[in-house]
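1. What follows is a predicted structure for the sequence shown.
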Amino acid sequence: MPDKQEIRLNKRQRELLRKIITTGVRPARVIMRAHILLQSAEGWTDEAIAHTFGTSIDTVRRTRLHCLDRGIIKCLEEAHREGAPHKLDKEAEAVIVALACSDPPRGRCRWTVRLLSEEAIGRKLIRPVAPETVRQVLKKRS
């Protein structure tokens, strides 16, 4: 494994990292990264940092390498996370809502989430999804 590259911080950068740690108004990941960078600059080993702050050695190494590649400020920032894509588009959601507002099938006094999802899928109004997806659509629209 190649030698560990050092993190070098100037006085202003150290003050910024200490402020992040002491104020505690940032996400936990950012505070953890600040701790890692400060201790790394003090000459601590990755293993010692990981043990002290209860994280993995890989997290310490990745944080240090990101800092060296992108700089301290970019290293501390949270990357945007997209999340999972929506299972239904707006038109499919509208179909579910319209179906829920219609009269329930004969022999039923009301629509259930499972009945709504089965009916919409059976009529090929929407692609197959779990009843939970239908429930979330209805909750969002209520």
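-> Okay, I see it. Numbering: from 1, shown residues only.
2. Quick one: list the elements packing against the least confident helix or strand in the chain by mean pLDDT.
-> When each helix and strand of the chain is scored by mean pLDDT, DSSP states H and E, helix 72-76 comes last, with a mean of 89. Contacts defined by 3 or more C-beta pairs under 8 Å, 6 or more residues apart in numbering; DSSP states H and E place helix 72-76 against helix 11-23, helix 28-41, helix 57-70. (Each C-beta comes from the backbone N, C-alpha and C, glycine too.)
3. gap between the shortest one and the chain center?
-> In terms of C-alpha atoms, centre = their mean, to the nearest Å, the gap separating the centre of helix 11-23 from the centre of its chain is 25 Å.
4. contacting residues for residue 67?
-> By C-beta atoms under 8 Å, 6 or more residues apart in numbering, the contact set of residue 67 is 7, 37, 40, 75.
5. Now neighbour count and distance to residue 127 too, for those, in TSV please.
-> Converted to TSV, these look like this (neighbours: other C-beta atoms under 10 Å; distance: C-beta to C-beta, whole Å):
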residue	neighbour count	distance to residue 127
7	21	50
37	26	47
40	25	49
75	21	41
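6. related to what we said a few turns ago, which positions within the next helix or strand after the least confident helix or strand of the chain qualify as buried?
-> Sequence order places helix 90-101 as the next helix or strand after helix 72-76, per DSSP states H and E. By neighbour count on 16 or more other C-beta atoms under 10 Å, the buried set for helix 90-101 is 92, 93, 95, 96, 97, 99, 100.
7. what's the spacing between the most centrally placed residue in the chain and residue 68?
-> In the chain, the centroid-proximal residue (C-alpha atoms, centre = their mean) is residue 81; its distance is 5.6 Å. Plainly put, residue 81 is 23 Å away from residue 68 if you go by C-beta to C-beta, to the nearest Å.
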